[in-house]
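Peer 1: Quick check, what structure comes out for this input:
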Amino acid sequence: MMCSREKPEQRKFHPNAALMQGFLKEEQHRIIYEQAERYPSEENIQKLTDAFLQFYTEIQLTNYLTTTLDYYARNYSKQAAVQQGREMAILDQPVSEDQETSKKEMLVAKEEKTVYSWEQAIHDPSLLAAIQDLPCKQKQYLELHFLHQLNHTEIGEKLDISQQAVSKSIQSALVKLRSALSKGDSP
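Peer 2: Here you go, the predicted structure:
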């Protein structure tokens, strides 16, 4: 008879049941297992043991690598956050006691003053000529995207147009450039 504290009959699974299920998911392992069950010879049992040990070793290695990578990723994230916090604190400080400008503001100002031209960036004369032949807007979008490293959304915001319009214009310009360069290659 059942005591009042006992729960109704529950299936108790072996702690390694999930491991066995994972092992038996592979058809090759199922075949080896079935042969060892049907014909329990020493050779079949040894095949099963070897297959299971290989599977178990792979599981252990995978678990170890996953745990290790997780640990290093978390540790890296923590260190990066600490480092970034330190850098931000240093950059926010004034350059000197008599100046109010921070190091961060000076860096941003320098970045904005850096201007690249197509002539500095491109050394292929035929490509440079093809770019110069583009309409002004397409040339401007390409310059902002490739020389100033702005994405399509940033270009759209800067010029007060949609990101889709920027994307279409850049794609059209690239098609024109490919066409112009391929015509230049033919005799």
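
Peer 1: Give the burial count for the residue lying closest to residue 170 once chain neighbours are set aside, as a bare number.
Peer 2: Closest residue to residue 170 apart from its sequence neighbours, by Cβ to Cβ, 6 or more residues apart in numbering: residue 141 at 5.2 Å. Where C-beta positions appear, they are placed from N, C-alpha and C, glycine not excepted. A count of nearby residues for residue 141, using other Cβ atoms under 10 Å, gives 26.

Peer 1: Ok, the one 10 residues further on next?
Peer 2: Neighbourhood size, residue 151 [other Cβ under 10 Å]: 13.

Peer 1: returning to that earlier point: give me the element the residue nearest to residue 170 is part of.
Peer 2: Secondary structure assignment for residue 141, by DSSP states H and E: helix 136-142.

Peer 1: average pLDDT for that helix?
Peer 2: On average, the pLDDT along helix 136-142 is 90.

Peer 1: ok, residues contacting it?
Peer 2: 131, 132, 134, 155, 159, 166, 169, 170, 172, 173, 176 (Cβ atoms under 8 Å, 6 or more residues apart in numbering).

Peer 1: Using PDB, list the CA coordinates for it.
Peer 2: Output in PDB follows, covering the C-alpha atoms of helix 136-142 (Å, rounded to 0.1, in the frame of the first residue of the first chain):
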ATOM      1  CA  CYS A 136      27.200  64.500 -58.800                       C
ATOM      2  CA  LYS A 137      24.700  62.800 -56.300                       C
ATOM      3  CA  GLN A 138      26.000  59.300 -57.000                       C
ATOM      4  CA  LYS A 139      29.600  60.500 -56.600                       C
ATOM      5  CA  GLN A 140      28.600  62.200 -53.300                       C
ATOM      6  CA  TYR A 141      26.900  59.000 -52.000                       C
ATOM      7  CA  LEU A 142      29.900  56.900 -53.000                       C
END
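
Peer 1: for that helix, the distance to its chain's centre please.
Peer 2: Remark: helix 136-142 is offset 30 Å from the chain centroid, using Cα atoms, centre = their mean, to the nearest Å.
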